[in-house]
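**Q** got a structure for you, letters missing:
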């Protein structure tokens, strides 16, 4: 399969685990699901040269933005999986351990905190939201679940 293929598998596996976690939180604790339509709207603005917005909700909707957001979400997960695979190498896949993939999953939250969130008008690490500490905590838990999903997918390989 190679490192690229294995990375795609674990990245998508981690993303599926994260989505299942979000679904469980929504059903059991009433935590709103991520709004992938808003993410898609943000992605659609990138080719137009707009990275940072005051409020992505104030930007005109884009046709297919929800689908674009979902595709972007899975593409990022897949890319993160490939990056981890290339860093960890074949030795890690021969005997996967959770700690390295967990650390990686926590580190890559920086992409959301320092690019996606401020790009959508939510501030650095959700600083402009009503409950930034809660959002950060939920993000760290979600990325832990992402790491667990990557680890579980690697064990199946």
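**A** Arrived safely. The shown structure was predicted, so the numbers you read here are calculated from the model rather than taken from an experiment. Numbering: from 1, shown residues only.
**Q** buried set for stretch 128-142?
**A** The neighbour-count check on stretch 128-142 (16 or more other Cβ atoms under 10 Å) flags 132, 135, 136, 138, 139, 142 as buried. In this view, the C-beta of every residue, glycine as well, is placed from N, C-alpha and C.
**Q** could you do stretch 72-86 as well?
**A** 72, 73, 74, 76, 77, 78, 80, 81, 82, 84, 85.
**Q** the residues you listed into a markdown table, with extra columns for pLDDT?
**A** Putting the buried residues of stretch 72-86 into a markdown table (pLDDT from 0 to 100) gives the following:
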| residue | pLDDT |
| --- | --- |
| 72 | 98 |
| 73 | 98 |
| 74 | 98 |
| 76 | 98 |
| 77 | 98 |
| 78 | 98 |
| 80 | 98 |
| 81 | 98 |
| 82 | 98 |
| 84 | 98 |
| 85 | 98 |
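**Q** would you turn those residues into a markdown table with secondary structure?
**A** Output for the buried residues of stretch 72-86, formatted as a markdown table (DSSP: H, G, I helix; E, B strand; the rest coil):
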| residue | secondary structure |
| --- | --- |
| 72 | helix |
| 73 | helix |
| 74 | helix |
| 76 | helix |
| 77 | helix |
| 78 | helix |
| 80 | helix |
| 81 | helix |
| 82 | helix |
| 84 | helix |
| 85 | helix |
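**Q** on that earlier part again, nearest to residue 112, of the buried residues of stretch 128-142?
**A** residue 139 (6.5 Å; Cβ to Cβ).
**Q** tell me the contacts of that closest one?
**A** Taking Cβ atoms under 8 Å, 6 or more residues apart in numbering, we find residue 139 in contact with 109, 112, 113, 126.
**Q** out of these, who's nearest residue 43?
**A** So of the contacts of residue 139, ranked by how close each gets to residue 43 (Cβ to Cβ), first place is residue 112, at 13.3 Å.
**Q** having no further points to raise, I will conclude here.
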